[in-house]
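Visitor: return atomic coordinates for the entry below.
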Amino acid sequence: MAAERPEALHRRLEAGELPRVCLIAGEEPLLQREAADGVRRAAREAGYTEREVLDVEAGFDWSRLTEAAGTPSLFGDRRLLELRMPAGKPGREGAEALQAYCRAVPPDTVLLVTCNRLERSGRESAWARALAEAGVFVYCWPVPAEQMPRWVEQRLRRGGLAPEREAVELIAERAEGNLLAADQAVEKLRLLVGAGAVGVGEAEQALADSARYGVDDLADAALDGELARALRILAALEEEGVQPPLILWALA
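Guide: Just a heads-up that it's a prediction; the model follows:
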């Protein structure tokens with residue numbers, strides 16, 4: 001089952017299409033937050049004025065979802081029902097409750113289910129398929145290093161800024177693997193510049209070195225022959241206290 005990317009969801013919402021069931025999961029917090037905020041905003045604009053939040057923690061009683069689905073709004077309003085399930089593991093009882101919900105989606109209700117990283121088994125589980133078939137399943141993958149410059153430039157231009165290529169490359173390099181840092185840099189530049197051209201000097205003011213790396217990133221850079229990037233990643237891993245045996249294991 002192929003999940004949609006966040007951009008596809010935003011296009012749906014901009015076109016006035018609000019799915020009755022939304023599963024948003026992934027490994028990139030900024031994209032997850034923006035996707036969920038987009039659903040919340042579209043729901044408000046569509047008249048879903050009541051909001052109920054269920055946090056799935058250890059010992060969560062899944063009958064609460066069943067009860068929420070079967071209980072009409074106190075004031076007869078449309079309702080946004082949020083199910084926050086960070087671990088993405090509903091268990092047998094939860095999986096059955098989610099599938100049962102999807103078999104009989106209540107009227108005047110939008111269900112928004114949010115999770116963090118889902119393994120392949122979770123993405124292809126019966127409960128995830130049921131949510132996707134009843135509405136939409138969005139997965140927020142990390143932005144690969146080679147796509148970061150394009151992502152950064154789009155963000156800057158969306159903010160009314162006209163960045164020079166060198167400024168885009170600098171932000172992409174410093175914030176690699178950390179979209180939140182890149183987004184914060186864009187917001188700082190909007191405050192510094194307002195609107196207009198952005199050069200390397202302005203980018204330096206707005207962004208400290210916020211790249212976030214793992215040992216796999218080092219191995220990828222080494223295999224690709226990117227010496228400068230590999231050395232930068234190695235220095236960052238050393239600063240973070242990553243032990244040498246783990247780095248050697250990844251390279252081997």
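Visitor: burial measure for Glu57, as a count.
Guide: Glu57 has 10 neighbours, counted by other C-beta atoms under 10 Å. No exception for glycine: its C-beta is placed from N, CA and C like everyone else's.
Visitor: wait, I meant Leu98
Guide: Neighbours of Leu98 (other C-beta under 10 Å): 26.
Visitor: Three-state assignment for the residue nearest to it when sequence neighbours are not counted, please.
Guide: In space, and not counting its chain neighbours, Leu98 is closest to Trp127: 4.4 Å by C-beta to C-beta, 6 or more residues apart in numbering. Using DSSP: H, G, I helix; E, B strand; the rest coil, the three-state assignment for Trp127 comes out as helix.
Visitor: shouldn't Ala203 be within a helix?
Guide: Yes. Under three-state DSSP, Ala203 falls within a helix.
Visitor: need the pLDDT of it.
Guide: You'll see Ala203 listed with a pLDDT of 81.
Visitor: before we move on, what's the pLDDT of the residue nearest to it when sequence neighbours are not counted?
Guide: Leaving aside its chain neighbours, Ala203 sits nearest to Ala167 (4.1 Å; criterion: C-beta to C-beta, 6+ apart). Per-residue pLDDT puts Ala167 at 89.
Visitor: test my guess that Ala167 contacts Ala206.
Guide: No. Judged on C-beta atoms under 8 Å, Ala167 makes no contact with Ala206 at a distance of 9.3 Å.
Visitor: have a look at the two and say which one is more surrounded.
Guide: Set Ala167 next to Ala206 and count neighbours by other C-beta under 10 Å: Ala167 wins out with 26 against 22.
Visitor: and stretch 234-252, how far from the chain's centre?
Guide: Using C-alpha atoms, centre = their mean, to the nearest Å, the mean C-alpha position of stretch 234-252 is found 27 Å from that of the whole chain.
Visitor: so which bits of that stretch are buried?
Guide: For stretch 234-252, a neighbour-count test (16 or more other C-beta atoms under 10 Å) marks 234, 236-237, 242, 247, 250 as buried.
Visitor: how about stretch 166-176?
Guide: Buried-residue list, stretch 166-176, by 16+ other C-beta under 10 Å: 167-176.
Visitor: now do it: distance to the chain's middle.
Guide: That offset, for stretch 166-176, works out to 20 Å (C-alpha atoms, centre = their mean).
Visitor: what about Glu238, distance to Arg157?
Guide: 36 Å (C-beta to C-beta, to the nearest Å).
Visitor: surely Leu161 and Gly196 touch.
Guide: Yes. The pair Leu161 / Gly196 is scored as a contact, 6.9 Å apart, by C-beta under 8 Å.
Visitor: with just CA atoms, put stretch 64-74 into CSV.
Guide: In CSV, the C-alpha atoms belonging to stretch 64-74 read as follows (Å, rounded to 0.1, in the frame of the first residue of the first chain):
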residue,chain,number,x,y,z
ARG,A,64,-13.3,5.3,24.2
LEU,A,65,-12.9,5.5,20.4
THR,A,66,-16.0,3.3,19.9
GLU,A,67,-18.0,5.5,22.3
ALA,A,68,-16.8,8.7,20.7
ALA,A,69,-17.8,7.4,17.3
GLY,A,70,-21.3,6.5,18.6
THR,A,71,-21.9,9.6,20.7
PRO,A,72,-23.4,12.5,18.8
SER,A,73,-22.1,16.0,19.4
LEU,A,74,-23.5,17.7,22.4
